[in-house]
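Colleague: predicted model follows, preceded by the sequence.
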Amino acid sequence: MPGDKSISHRALILGALAVGRTRIEGLLEGEDVLRTAAAVRALGAAAERGADGAWTVSGVGVGGFAEPSDVLDFGNSGTGARLMLGALASTPLTAVFTGDASLRRRPMGRVARPLERMGARILARDGDRLPLTLMGASDPLPIGYTLPVPSAQVKSAVLLAGLNAPGETSVIEPLATRDHTERMLRHFGATVVTTARGDGREIRLKGEVELKAADLVVPGDPSSAAFPIVAALILPGSEIEISGVGMNTLRTGLLTTLGEMGARIERVKARIAGGEEVADLAVRASTLTGVEVPAERAPSMIDEYPVLAVAAAFAKGKTVMRGLGELRVKESDRLSAVAEGLAACGVAVEIDGDTLTVEGFGGRPRGNAAIAARLDHRIAMAFLVLGLAAERPVSIDDGETINTSFPGFVRLMNGLGATMAEVKA
Ligand code: S3P
């Protein structure tokens, strides 16, 4: 599997904020992460790929970023843009942020509001959209912030801004979200204390710290593994093994759900690598049954709903997925993209508020559809997976978008026996 996208962004950003050289093994070299690498370089850090494939970041220290001489372009990446807003919010410089058409539609108010409370000034387009200009605070204030939406990106932005603020910055999350930032901050020497609070957590960070460079190993991305996993489950006769997949429990909601549906997925050789749980996964084609997926599970599988909906289309009976409001503000409106795409493939679906219901076929749906990828890599991959096992092929209108998170996806799937090919115009 390619390296974890969330962890790769954080490795570059924290490496750039640390003093000394950080070596990163297994960095995801997808478009999104390469944009973050370019951004930290534009801010004065060095980030280079070595001949052995490992990356080295030479950091500038907390508060050491220099004002960039040009616009920072984060491409398709909400994580890159939001985390870097936080990383720059408590340093007195001016930076202009932009991205592609998808990212320029996505809400930035969720990070702008807390960062403004810390003293940053942010001037954005209507609806808090990019392009925006950030003026970092010269006297940053620590804050206590309760997340209005369960978002690891917002939590991380506040914590990164808190690094250069005096005193203690704290975040309360009503539902626990991925904790890669907290883990990696500790790895770089910061004091981060996490306490359980109901279904959520309180995270407290001591500010004005010096981060020390620390080597990292990036595990395989469970959100990328989701695609070959579901493909193997729905294609009769399949049996695959995927090595080195990140198993952080705040990321494994899909495995829990597929397990409840009857999927035969075995975790082999569970271990710790680079401060994160990792395992190899053995996956065998399975007969799936529809289930109810509770809203509280959403943060631990937020990027996996498109491909879960595909698995649900092959299952016997109904799958009901609740609490999907956040899917509307991802790389595309994934709730409508999934529903429209499945309907085009002959699957009965219903959206009711934030709930998506898929009527499983208990076999192969028709397929035979042309799907608009909407600048959304996960929509593109989910429908290619559906096409693999449907009665008739499925096409997507943009394969390039897959490179944001999973370069080599088509080659890897074809290596497993799939037939995915570019349609020549
Ligand atoms: C991410 C968090 C999630 C996820 C995104 C990556 C991260 O977004 O959808 O792909 O790396 O922190 P939210 O935290 O905004 O839900």
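Modeller: Cool, got the structure.

Colleague: lowest-confidence helix or strand of the chain?
Modeller: strand 264-273 (a mean of 95; mean pLDDT, DSSP states H and E).

Colleague: now do the buried residues in the following helix or strand past that strand.
Modeller: Next helix or strand after strand 264-273 toward the C-terminus (DSSP states H and E): strand 276-284. Neighbour counts using 16 or more other C-beta atoms under 10 Å place 276, 277, 278, 279, 280, 281, 283 of strand 276-284 among the buried residues. To be clear about C-beta, it is placed using only N, CA and C from the backbone, and glycine gets the same treatment.

Colleague: so where's the stretch 151-300 of the chain uncertain?
Modeller: Nowhere does the stretch 151-300 of the chain drop to pLDDT under 70.

Colleague: which parts of it are strands?
Modeller: According to DSSP state E, counting those that start in this stretch, the stretch 151-300 of the chain carries its strands in the segments 168-173, 192-197, 200-206, 216-217, 239-246, 264-273, 276-284, 292-293.

Colleague: list the pairing partners of the second one within its sheet, with orientation.
Modeller: Applying DSSP bridges, strand 192-197 is found paired with strand 200-206 (antiparallel).

Colleague: anything in the strand it pairs with near the ligand?
Modeller: No. Shown here: strand 200-206 not in contact with the ligand (C-beta under 6 Å from any ligand atom), separated by at least 13.5 Å.

Colleague: what's in contact with that strand?
Modeller: Identification of contacts with strand 200-206 by C-beta atoms under 8 Å, 6 or more residues apart in numbering yields 150, 155, 159, 162-163, 167-176, 179, 182, 185, 190-195.

Colleague: the ligand next: which of those residues are close?
Modeller: Contacts with the ligand are made by none of those, judged by C-beta under 6 Å from any ligand atom.

Colleague: any idea what sits nearest residue 83, other than its immediate chain neighbours?
Modeller: In space, and not counting its chain neighbours, residue 83 is closest to residue 156: 5.3 Å by C-beta to C-beta, 6 or more residues apart in numbering.

Colleague: okay, now that neighbour: neighbour count?
Modeller: Look at residue 156: counted by other C-beta atoms under 10 Å, it has 30 neighbours.

Colleague: how near is it to the ligand?
Modeller: Look at residue 156 and the ligand: by C-beta to the nearest ligand atom, to the nearest Å, they are 6 Å apart.

Colleague: likewise residue 27?
Modeller: Distance from residue 27 to the ligand, by C-beta to the nearest ligand atom: 14 Å.

Colleague: wait, residue 187 touches residue 214, no?
Modeller: Yes. Judged on C-beta atoms under 8 Å, residue 187 makes contact with residue 214 at a distance of 5.2 Å.

Colleague: got the residues of this protein near the ligand?
Modeller: Within the chain, the positions near the ligand by C-beta under 6 Å from any ligand atom are 6, 79, 151, 152, 153, 156, 177, 178, 302, 303, 326.

Colleague: report the contact partners of residue 317.
Modeller: Going by C-beta under 8 Å, 6+ apart, residue 317 touches 289, 290, 360, 362.

Colleague: surely the third one meets residue 291?
Modeller: No. The criterion here is C-beta under 8 Å, and residue 360 misses it with residue 291 at 10.0 Å.

Colleague: list residues touching both of these two?
Modeller: Going by C-beta under 8 Å, 6+ apart, residues that sit against residue 360 and also against residue 291 are residue 319.
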